[in-house]
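In: Mind looking at a prediction? Sequence and model below.
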2 protein chains.
Amino acid sequence: MAGAGSGIDRFRAFLRDRSLRVTEVRERVALAVLQRHGHFDVDEVVAELRRGGTRASRATVYRALPLLEQAGLIAATTGQRERQRYERALDRRHHDHLVCTRCKRVVEFEYPAFEILQHKVAEMYGFLLTSHTHQLFGLCPACRRREGASRVRHR
Amino acid sequence: MAGAGSGIDRFRAFLRDRSLRVTEVRERVALAVLQRHGHFDVDEVVAELRRGGTRASRATVYRALPLLEQAGLIAATTGQRERQRYERALDRRHHDHLVCTRCKRVVEFEYPAFEILQHKVAEMYGFLLTSHTHQLFGLCPACRRREGASRVRHR
DNA sequence: TCCGCTATTGAGAAATAGTCTCAATAAAAA
DNA sequence: TTTTTATTGAGACTATTTCTCAATAGCGGA
């Protein structure tokens, strides 16, 4: 697995490129997220930093994550209404998510045909594609089995 | 264009079917959304109703829209982080959206291959698919031309 | 290395969006 | 018509994210 080194370098280059400052906190955040394996949200990053002795404010992390996203180190896994989550993107191939609406389990799938079609559609309409959201919701195998007493929610 | 009549009937059937009550306000909301052409959000529905002399509270509309969605009269167009929007679904074919990140213009596209692949993926993982989000973001033709002074946003 | 300019940070306030509470009301069942 | 119970309305409340502004710290130049 590629270390965090190259990621940090890339981030630094990204910042310099836009005349943004390479700060202590930004680097710490970058290091923290590059070490994560699964998905994470803002507060998990703050906690991670604190554990490592760095006290960064939530506001700052909120400001840093979009930069890391633009730099390509992480990708936003945009839950639709819940809080924003991210995952490592550096050295990973693009993939989308299949989410179980009952147990919240997330399965990643890689299916290049989607990206090909997306670009095709964008081209048809003259759009320059920059990103997309694509999530499939349903019941995972385990929850399908458990399913049956499908209650109508009230309120 | 199919009138709102059949939509209302379908909604009534949906409500009775789940022992929910067919109320004045729910019907008014249903009529209001079936008349809309483009995309809309909660407050636009409230305003629309008010214009027609019906004073419905936001909470009630917030409660009614998911019902209308489940009944198949409308579809949620899940903006990623902005407020929830909807659009008419009754008598319309499924489609996804291409959104210009600069001017916010939304273009609908219908491309059945996506749904076919989505079901294929779900099947591969044993999921029972219930819904999905799929939006493409980029620059529309007009904004691409205007593009050039690509400012770095601050803060 | 020091200086000065200005971006960044931190902490809390504010904004935004949506949900919840509970008494009053109105459907539906009896 | 009466009874039962879901629904409504208004505002309180929650959750998440953005903003404000004074203090701090990068970075470029001397």
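Out: Sure, I can see it.

In: CA atoms for contacts and neighbours, from now on please.
Out: OK.

In: which residue is nearest the centroid of chain A?
Out: For chain A, the residue nearest the mean C-alpha position is A:Y86 (2.5 Å; CA atoms, centre = their mean).

In: And chain A, what are its domain boundaries?
Out: What automatic domain parsing lists as the domains of chain A is A:1-92, A:94-155.

In: Next, count neighbours for the closest residue in space to A:A64 that isn't next to it in sequence.
Out: Once flanking residues are discounted, A:A64 sits nearest to A:R26: 6.3 Å by CA to CA, 6 or more residues apart in numbering or on different chains. A:R26: 23 surrounding residues under other CA atoms under 10 Å in any protein chain shown.

In: Do any residues in the helix or strand harbouring A:R26 lie close to DNA strand D?
Out: For A:R26, the host element (DSSP states H and E) is helix A:24-35. Yes - judged by CA under 7 Å from any atom of the strand, helix A:24-35 and DNA strand D are in contact via A:E24.

In: just how off-centre is that helix within its chain?
Out: How far helix A:24-35 lies from its chain's middle: 15 Å, per CA atoms, centre = their mean, to the nearest Å.

In: And stretch A:61-72, by the same measure?
Out: For stretch A:61-72, the distance to the chain centre is 10 Å (CA atoms, centre = their mean).

In: one step back: just the residues contacting the helix holding A:R26, thanks.
Out: A:4, A:7-8, A:11, A:45, A:48-49, A:54, A:56, A:61, A:64, A:68, A:73-74, A:88 (CA atoms under 8 Å, 6 or more residues apart in numbering or on different chains).

In: Around DNA strand D, pick out the residues from chain A.
Out: Counting by CA under 7 Å from any atom of the strand, chain A comes close to DNA strand D at A:16, A:20-24, A:42, A:58-59, A:62-63, A:82-84, A:154-155.

In: Quick check: the farthest pair among those residues?
Out: Largest separation among these by CA to CA: A:R16 and A:H154, giving 53.8 Å.

In: Neighbour count: these two, which is higher?
Out: A:R16 (12 against 5).

In: what about the closest residue to the more buried one other than its chain neighbours, neighbour count?
Out: Leaving aside its sequence neighbours, A:R16 sits nearest to A:V22 (CA to CA, 6+ apart; 7.3 Å). By the criterion of other CA under 10 Å, A:V22 has 14 neighbours.
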